[in-house]
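Participant: here is my input, please return the structure:
(one chain, ligands or ions: 3)
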Amino acid sequence: MVWNEITQKWKQLQEALMIDEIHFVFEIRDNSCYTQSTNYSSLNYNQKNMSVSIVVGAQWGDEGKGKIVDMLSEKIDIVARYQGGANAGHTVVIGDKTYVLHLVPSGIFQKNVKCVIGNGVVIDPVALMEEINMIKSFGIKIDGRLFISHNAHLIMPYHKLLDTIREQGAQKIGTTGRGIGPAYIDKYMRTGIRVVDLLDRKVLREKLTRNIEEKNQILSKVYGKTEIDIDKIVNEYQEFDNKIDPYITDTASYLNDALRKKKRILAEGAQGALLDVDHGTYPYVTSSNPTSGGACTGLGIPPTSVKSIIGIVKAYSTRVGNGPFPTELSENTGETLRSIGHEFGATTGRPRRCGWLDMVSLKYSLMVNGISEIALTKLDVLDSFDEIKICVAYKKDGKVLKSFPTDVHTLDTVEPVFQTYKGWNENISTAKKWKLLPPRTKKYIETIEKLSGVKVSLVSVGARRDQTIKR
Ligand code: GDP
Ligand code: IMO
Ligand code: MG
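Facilitator: Ligands and ions are numbered 1, 2, ... in the order given. So this is what the prediction gives:
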């Protein structure tokens with residue numbers, strides 16, 4: 001009886017403390033029994049707190065991550081951005097309004113969702129404040145809903161300047177000019193300025209002065225440019241402390257606490273796997289890790305908390321900026337895809353290069369991300385094509401390659417092998433259910449599933465939330 005009570009009380013205590021296991025040490029000393037408990041909270045080491053889903057771009061970015069994250073956020077407690085910066089442009093269409101987000105997670109339009117900008121993101125305070133004001137101007141509450149990591153690094157004006165100047169050199173990446181590369185360089189050089197530094201004016205002044213002195217040497221001696229005025233920048237950036245202070249949080253603790261409370265977290269990636277600095281088409285990549293692994297380091301959450309990895313796949317391919325693109329269509333078909341799909345950058349307005357779906361790079365992306373399900377987007381863009389192609393292999397010197405080469409010289413010279421499918425020539429943008437899709441559309445989707453070995457769990461047939469078919 002007593003034992004039952006103890007067990008029951010113990011269970012209650014365990015639940016209250018969210019502890020999975022506790023060990024007692026009994027020690028007899030001076031004729032007394034001392035107990036000491038060692039809490040083996042297995043939060044980080046078991047599968048009980050798997051409540052994180054990661055949304056990753058599976059191609060070269062702009063797959064429609066913003067739309068899918070907004071839609072999925074309906075059943076999510078926290079949406080957290082884990083890498084990149086204001087190079088991202090995530091579009092969310094609600095009714096007749098279109099919003100483009102660069103730093104704030106795409107869950108912000110679901111009023112019960114909290115949003116986190118994680119430590120892995122590089123934040124341009126100017127861009128962030130503009131975005132916060134834009135969101136507020138639409139009557140959307142953001143205070144108390146947005147949490148910014150104190151450990152995230154800041155993008156400074158000299159980062160943007162260096163990004164633009166470097167792009168005038170011989171090897172142009174075709175960056176967004178948002179200062180992303182130079183800011184990550186400082187982060188890894190261990191000279192970067194972090195969000196927390198904004199809170200201490202003395203520290204900020206010291207760090208900024210040291211950084212600008214060094215950048216001025218590079219600007220004047222390497223590039224022959226005018227030096228930056230230290231005082232001007234120090235004064236301007238000191239002003240951000242009051243503005244950003246209300247949002248600054250230890251977001252890793254916040255998220256881990258939420259995991260303990262079994263909150264549902266969605267990690268929102270920016271860019272795409274083929275732009276990943278480690279796994280992408282280097283050097284034509286961004287400077288962070290958009291692949292799923294980046295979510296854990298970029299948020300401070302354990303890999304064991306990840307339940308699913310949703311790959312956002314556009315029904316064809318696009319790429320902005322330079323770099324190899326084996327299935328690129330440089331003639332009429334490419335133009336048609338661009339104009340029907342409105343393929344112009346959400347951040348820079350640049351025309352996106354367009355091509356057919358590339359299963360070779362996609363299978364590689366599925367592998368490095370561990371994608372467990374696919375959300376297939378922009379399928380409606382293919383409505384009017386008589387023929388649709390999928391690249392199923394690459395050939396080089398007449399031989400089929402066994403794997404996706406990330407070496408750009410090889411990738412530049414591969415020959416895509418296409419399979420051709422008859423188009424459905426029907427408007428699918430009003431279809432709300434799988435059974436309402438034309439047989440040829442279903443065949444296209446099932447072919448992608450067969451070739452990839454991954455289920456297509458969501459099909460997007462338009463930019464709006466309601467233009468999504470769940471399977
Ligand atoms: P992200 O960077 O991955 O969030 O994608 P972007 O917002 O840069 O680009 C995707 C574009 O396609 C946006 O203009 C979206 O509104 C739009 N979009 C998303 N899904 C669909 C879809 O299924 N059909 C069509 N026609 N447009 C879509
Ligand atoms: P979202 O999140 C598409 C590309 C740039 C360039 C390369 C490096 O909207 O999908 P950077 O400014 O990051 O140093 O540029 O990466 N790029 C993107 N392409 N979508 C994006 O983000 C991108 N962010 C960067 O065009 O080729
Ligand atoms: Mg985009």
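Participant: and this structure, which residues reach ligand 1?
Facilitator: 57, 61-67, 89-91, 93, 342, 346, 377-378, 380-381, 460-463 (Cβ under 6 Å from any ligand atom). Any C-beta I mention is one placed from the backbone N, CA and C, and that applies to glycine too.
Participant: for ligand 2, tell me which of those residues show up nearby.
Facilitator: Filtering the residues of the chain next to ligand 1 for proximity to ligand 2 by Cβ under 6 Å from any ligand atom leaves 57, 61-62, 89-90, 346.
Participant: show me the contact partners of the helix or strand hosting residue 411.
Facilitator: Using DSSP states H and E, the element containing residue 411 is helix 408-413. Residues from elsewhere that reach helix 408-413 (Cβ atoms under 8 Å, 6 or more residues apart in numbering): 281-284, 323-324, 326, 396, 405.
Participant: that one near ligand 2 anywhere?
Facilitator: No. Contact of helix 408-413 with ligand 2 (Cβ under 6 Å from any ligand atom) is absent, the minimum separation being 12.5 Å.
Participant: what about the helix or strand following that helix, distance to the chain center?
Facilitator: Scanning forward in sequence from helix 408-413 by DSSP H and E, the next helix or strand is strand 415-422. Here strand 415-422 is found 30 Å from its chain centre; the criterion is Cα atoms, centre = their mean, to the nearest Å.
Participant: so for strand 415-422, mean pLDDT?
Facilitator: Average pLDDT, strand 415-422: 98.
Participant: is it fair to say residue 450 lies in a helix?
Facilitator: Yes. Using DSSP: H, G, I helix; E, B strand; the rest coil, the assignment for residue 450 is a helix.
Participant: one step back: tabulate the ones next to ligand 2 among the residues of the chain next to ligand 1 (CSV), appending distance to ligand 3, pLDDT and secondary structure.
Facilitator: Shown next, in CSV, are those (distance: Cβ to the ion, whole Å; pLDDT from 0 to 100; DSSP: H, G, I helix; E, B strand; the rest coil):
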residue, distance to ligand 3, pLDDT, secondary structure
57, 8, 98, strand
61, 6, 98, coil
62, 4, 98, coil
89, 4, 97, coil
90, 6, 98, strand
346, 4, 88, coil
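Participant: could those residues be laid out in CSV, adding neighbour count?
Facilitator: Formatted as CSV, those follow (neighbours: other Cβ atoms under 10 Å):
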residue, neighbour count
57, 29
61, 31
62, 28
89, 19
90, 27
346, 19
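Participant: specify which member of those is nearest to residue 369.
Facilitator: residue 57 (9.4 Å; Cβ to Cβ).
Participant: need the contact list for that closest one.
Facilitator: Residue 57 neighbours (Cβ under 8 Å, 6+ apart): 63, 65, 269-273, 275, 290, 311-312.
Participant: so what sits opposite it in the bridge?
Facilitator: residue 312 (DSSP bridges).
Participant: against residue 228, how distant is it?
Facilitator: Distance, residue 57 to residue 228, using Cβ to Cβ, to the nearest Å: 34 Å.
Participant: please spell out the ChimeraX selection for the buried subset of the contacts of residue 57.
Facilitator: Buried members of the contacts of residue 57 can be picked out in ChimeraX with the line below, counting by 16 or more other Cβ atoms under 10 Å:
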select :63,65,269,270,271,272,273,275,290,311,312
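Participant: narrow the contacts of residue 57 to those in strands?
Facilitator: Of the positions in these, 311-312 sit in strands, assigned by DSSP state E.
Participant: the contacts of residue 57 into TSV, with extra columns for pLDDT?
Facilitator: Output for the contacts of residue 57, formatted as TSV (pLDDT from 0 to 100):
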residue	pLDDT
63	98
65	98
269	98
270	98
271	98
272	98
273	98
275	98
290	98
311	98
312	98
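Participant: just name the closest of the contacts of residue 57 to residue 357, please.
Facilitator: Distance to residue 357, by Cβ to Cβ, is smallest for residue 63 among the contacts of residue 57, at 11.4 Å.
Participant: tell me the centre residue of this structure?
Facilitator: The residue lying closest to the centre of the chain (Cα atoms, centre = their mean) is residue 269, at 1.1 Å.
Participant: can you get me a residue count around the closest residue to that one other than its chain neighbours?
Facilitator: Counting by Cβ to Cβ, 6 or more residues apart in numbering, residue 56 is the residue found nearest to residue 269 once chain neighbours are left out, at 4.4 Å. Applying other Cβ atoms under 10 Å, we find 32 residues neighbouring residue 56.
Participant: and the stretch 51-200 of the chain, which of its residues are near ligand 3?
Facilitator: Residues of the stretch 51-200 of the chain lying near ligand 3 by Cβ under 5 Å from the ion: 62, 89.
Participant: isn't residue 380 right next to residue 428, touching?
Facilitator: Yes. The criterion here is Cβ atoms under 8 Å, and residue 380 meets it with residue 428 at 5.3 Å.
Participant: so what sits against both of the two?
Facilitator: Residues touching both residue 380 and residue 428 comprise residue 461, with contact defined as Cβ under 8 Å, 6+ apart.
Participant: which one of the two has more residues nearby?
Facilitator: Remark: of residue 380 and residue 428, residue 380 carries more neighbours, 23 against 19, as counted by other Cβ under 10 Å.
Participant: and the more buried one, that's in a helix?
Facilitator: Yes. Using three-state DSSP, the assignment for residue 380 is a helix.
Participant: ok, now which ones touch it?
Facilitator: By Cβ under 8 Å, 6+ apart, the residues touching residue 380 are 427-429, 461-462, 467.
Participant: out of those, which are inside helices?
Facilitator: Assigned to helices by DSSP state H, none of the contacts of residue 380 qualify.
Participant: between these, which is nearest ligand 2?
Facilitator: For the contacts of residue 380, the closest approach to ligand 2 (Cβ to the nearest ligand atom) belongs to residue 462, at 18.6 Å.
Participant: so who does that closest one touch?
Facilitator: Neighbouring residues of residue 462 by Cβ under 8 Å, 6+ apart: 380, 429.
Participant: pLDDT score for it?
Facilitator: Note for residue 462: predicted pLDDT of 98.
Participant: residues from the stretch 201-350 of the chain in reach of ligand 2?
Facilitator: Residues of the stretch 201-350 of the chain lying close to ligand 2 by Cβ under 6 Å from any ligand atom are 270-272, 275, 286-287, 320-321, 346.
Participant: which non-adjacent residue is nearest residue 281?
Facilitator: Excluding the flanking residues, the one nearest residue 281 by Cβ to Cβ, 6+ apart is residue 323, at 5.1 Å.
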